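*Asks:* got a sequence here, can you build the structure:
(chains A and B)
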There are 2 protein chains.
Amino acid sequence: MSQPVHGYAYGAPSLQPAPFTTADLASLQKTLLFSDEDVAALRQSKAILADQTDAILDVWYGFVAATPELVVFFGDVNTGKPDGAYLAAVRKRFGLWILDTAEAKYDQRWLDWQYEIGLRHNRIKKNQTDHVNSTAQVNLRYLLALTIPVTTTLKPFLAQKGASPADVEKMHAAWVKTVLLQTILWSHPYIEDGQF
Amino acid sequence: MSQPVHGYAYGAPSLQPAPFTTADLASLQKTLLFSDEDVAALRQSKAILADQTDAILDVWYGFVAATPELVVFFGDVNTGKPDGAYLAAVRKRFGLWILDTAEAKYDQRWLDWQYEIGLRHNRIKKNQTDHVNSTAQVNLRYLLALTIPVTTTLKPFLAQKGASPADVEKMHAAWVKTVLLQTILWSHPYIEDGQF
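*Replies:* Numbers count the residues shown, from 1 in each chain, chains lettered A, B, ... in the order given. Here you go, the predicted model:
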């Protein structure tokens, strides 16, 4: 059996309730043209991606490492250098995030976890999970922008297991919608009261 | 000659300077994998879209009208009904926004206009341009989410003038990036100080 991943708290009773409900989520999904077809496409992607998460994370981490504007958020504030242990700890949770995103199970439990993820990028809770001395926050503009590199670099992996080009397009489109949806939910702690 | 469009202020000396610079923009574009190829694709789309803006706006306005969560932002706060004059006034500027977005000219003048557009969706300046008595703001989550319906419904129009399927894909991908980029810039007035 694999060991539990430190800081992975999806479903933990200790999580704060999110300030958004499943009704809010349904409204947002409607605006995003997110349909049952997208849920099916995400679930189709789960089996395809399950044994590729390490290779995907290599690509994502390579992109972050090559982008000074992003790697700074993993930097130690004293040395200015990327904190290897912090990068490694986040990577384990990031792998589970891929599978959870593909699972596409949208209930209050999932919303509470999204809220926690947002708090952990915001200055309210960043660095606490891994007890690191890094930048105070991930600036929101970068968090939202990551929708594009995450989903663009995912596309070749979606095509690795023989799905038809049309199915790859559908899975990719569903991933773009759900990653944008999630980064929008993560933005809540950054936004002025009542303006989310 | 067509009449000037009320409230269209791209390039107006009266605009406030944006709190973000062309260097900030370049960093954000790098994160969005936004390249010279995307600029070329957007400019290719301009000629394709130029005589279709009314048909595009019909689709977008149809979507807004059919989505209570969105049409509320055009509602009169007293009657609760959509304000037809407000919808019509915004529509004229929205048509010019399509062409400006396809123009893909990214300088400080463009950034200042993006900042103004953000302010006009936020409670700081909403309703002022058209002197209407509507909702105090467009909630940020919907503003960000609109990236998807705007670009998804645009795709058939990109394919209307004989561009190759590969070029249509490139133009669509460039549009997704630039609309997400713009909605991120528009989010500035909504975000806590120093967290953008």
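*Asks:* mind listing what A:Leu158 touches?
*Replies:* A:45, A:48-49, A:168, A:171-172, A:175 (CB atoms under 8 Å, 6 or more residues apart in numbering or on different chains). (Glycine included, C-beta is placed from N, CA and C.)
*Asks:* which of the residues you listed fall within helices?
*Replies:* A:45, A:48-49, A:168, A:171-172, A:175 (DSSP state H).
*Asks:* quick one: which of those residues is nearest B:Lys155?
*Replies:* Using CB to CB, A:His172 is the member of the ones in helices among the contacts of A:Leu158 that sits closest to B:Lys155, with 13.5 Å.
*Asks:* so the closest one touches A:Val150, yeah?
*Replies:* No. A:His172 is not in contact with A:Val150 according to CB atoms under 8 Å; the separation is 11.2 Å.
*Asks:* who has more neighbours, the two?
*Replies:* A:Val150 (21 against 18; other CB atoms under 10 Å in any protein chain shown).
*Asks:* quick one: contacts for the more buried one?
*Replies:* Taking CB under 8 Å, 6+ apart, we find A:Val150 in contact with A:60, A:175, A:179.
*Asks:* measure the last one to A:Phe94 for me?
*Replies:* Think A:Val179. Remark: distance between A:Val179 and A:Phe94 (CB to CB, to the nearest Å) = 13 Å.
*Asks:* if we can go back for a sec, going by distance to chain B, which of the ones in helices among the contacts of A:Leu158 wins?
*Replies:* A:His172 (10.3 Å; CB to the nearest CB).
*Asks:* gap between that closest one and A:Tyr8?
*Replies:* To A:Tyr8, A:His172 is 26 Å away according to CB to CB.
*Asks:* which residues does A:Asn122 contact?
*Replies:* A:137-138, A:189-190, B:195.
*Asks:* how about 10 Å then?
*Replies:* A:136-140, A:143, A:186-190, B:192, B:195 (CB atoms under 10 Å, 6 or more residues apart in numbering or on different chains).
*Asks:* setting aside sequence neighbours, what's the nearest residue to it?
*Replies:* A:Pro189 (4.0 Å; CB to CB, 6 or more residues apart in numbering or on different chains).
*Asks:* hang on, the one you found packs against A:Val138?
*Replies:* No. If you go by CB atoms under 10 Å, A:Pro189 and A:Val138 don't touch, sitting 11.1 Å apart.
*Asks:* any residues in contact with both of those two?
*Replies:* Counting by CB under 10 Å, 6+ apart, the common neighbours of A:Pro189 and A:Val138 are A:120-123, B:195.
*Asks:* against A:Lys30, how distant is the closest residue to A:Phe196 other than its chain neighbours?
*Replies:* Once flanking residues are discounted, A:Phe196 sits nearest to A:His188: 5.2 Å by CB to CB, 6+ apart. To A:Lys30, A:His188 is 19 Å away according to CB to CB.
*Asks:* quick one, phi/psi of A:Leu33?
*Replies:* phi 50, psi 30 (degrees, to the nearest 10).
*Asks:* gap between it and A:Leu181?
*Replies:* Taken as CB to CB, the span from A:Leu33 to A:Leu181 is 11 Å.
*Asks:* what does the pLDDT read for the residue sitting nearest the centre point of chain A?
*Replies:* Closest to where the C-alpha atoms of chain A average out (CA atoms, centre = their mean) is A:Trp97, at 5.9 Å. Looking at A:Trp97, its pLDDT stands at 98.
*Asks:* low-confidence ranges in chain A?
*Replies:* A:1-2 (pLDDT under 70).
*Asks:* A:Ile191: what's its closest spatial neighbour, skipping adjacent residues?
*Replies:* Nearest to A:Ile191 is B:Tyr190, by CB to CB, 6+ apart, at 5.3 Å.
*Asks:* wait, the one you found sits on A:His188?
*Replies:* No. In this structure B:Tyr190 lies outside contact range of A:His188 using CB under 10 Å: 11.1 Å.
*Asks:* where exactly do the strands run in chain A?
*Replies:* Taking DSSP state E as the criterion, chain A carries no strands.
*Asks:* what about A:Ser45, how many neighbours?
*Replies:* Residues near A:Ser45, counting by other CB under 10 Å, number 28.
*Asks:* and the helices in chain A?
*Replies:* Applying DSSP H to chain A gives helices spanning A:22-31, A:36-49, A:53-65, A:68-71, A:84-103, A:108-121, A:140-145, A:147-158, A:165-186.
*Asks:* export these to a markdown table and tack on distance to B:Ala41?
*Replies:* Formatted as a markdown table, the helices of chain A follow (distance: least, CB to CB, whole Å):
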| stretch | distance to B:Ala41 |
| --- | --- |
| helix A:22-31 | 25 |
| helix A:36-49 | 25 |
| helix A:53-65 | 21 |
| helix A:68-71 | 23 |
| helix A:84-103 | 28 |
| helix A:108-121 | 31 |
| helix A:140-145 | 18 |
| helix A:147-158 | 14 |
| helix A:165-186 | 17 |
